[in-house]
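# Next input, structure requested:
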Amino acid sequence: MEDGKLTVRAVERALDILLCFTGASELTLTEIATRAQLHKSTVHRLLASLEGKGFIMRDEATDKYRLGYRLWELSANLSKEGDPGIILLPEMERLRDVLGETISLYVQDGLERVRIQAVQSNHAIRRVAPVGARMPLYVGASSKVLVAFAEPGLLEQLLTSADWPTGLGTQAYLQQLSDTRRAGFATSVEEREPGAAAVSAPILDRGGRLVAALAVSGPANRLTLELMQEQAPTIMEAARRMGTMLR
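Sure, this is the predicted structure:
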């Protein structure tokens, strides 16, 4: 039994190491140990195993690590059937061409949201949205949408979470969610990131179930609150159209 627990712990730590590369292309041993909150000796041992299986590569010139080709082999076998990020990409590109700003697609994962697809703005000054980025569910336009249109249990989990910021007023937050449900969209101006603004609408499938949040984001000095409110009907219509494409 004890051997089994040790094996599971080793697997969890190895996965934690792989997750360190979310948002980073290369990392040193020290950086990985810091991010994974593990001792260097443990990280070094697990990296050797991951490298041996092709999941990690080490650059001998810089002594930095990066993800290996085995992960790309596995990703090639991911089913694209029913994947919103694949199915909705042409519609996202169409919306980008109409509005000119960055378009993102978010899904809820636990008490976070994850960007699963993005189409970058063509403006020279733009908000770059990396796919795979994770953000807290309690702040931002897309977070409001994902919580407002989710099953009630998610809101309860969020409000009782240890990660809930003490400075965020519960009543004010609940009012924001109510406003989001009533309007059918949410906006945010510099809530999560200085100088950035976003407007988001829910994508519901044919059964009326929340699938994702569609977001338009850009610099706050260009994507003003007034402009976002003007664009909201276009974004909601795009989200409605996308929903009809999903089962």
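# Tell me the first helix or strand C-terminal of the helix or strand containing residue 97.
Of the helices and strands defined by DSSP states H and E, residue 97 is found in helix 89-99. Later in the chain than helix 89-99, the nearest helix or strand by DSSP H and E is strand 102-109.
# average pLDDT across that next one?
What strand 102-109 shows for mean pLDDT is 94.
# Please identify the buried residues of it?
When burial is assessed from 16 or more other C-beta atoms under 10 Å, strand 102-109 yields the following buried residues: 102, 103, 104, 105, 106, 107, 108. Every residue, glycine included, has its C-beta placed from N, CA and C.
# Which of the residues you listed sits closest to residue 123?
Distance to residue 123, by C-beta to C-beta, is smallest for residue 102 among the buried residues of strand 102-109, at 8.8 Å.
# Now do the SS call for the nearest residue to the closest one once chain neighbours are set aside.
Closest residue to residue 102 apart from its sequence neighbours, by C-beta to C-beta, 6 or more residues apart in numbering: residue 121 at 4.5 Å. Following DSSP: H, G, I helix; E, B strand; the rest coil, residue 121 is assigned to coil.
# cool, and residue 38?
With three-state DSSP as the basis, residue 38 sits in coil.
# Pull the number of nearby residues for it.
When neighbours are counted by other C-beta atoms under 10 Å, residue 38 registers 18.
# quick one: it and residue 15 touch, right?
No: taking contacts as C-beta atoms under 8 Å, residue 38 lies outside contact range of residue 15: 11.9 Å.
# ok so residue 115 is a helix residue?
No: applying three-state DSSP, one finds residue 115 to be strand, outside a helix.
# With that, I have no additional questions.
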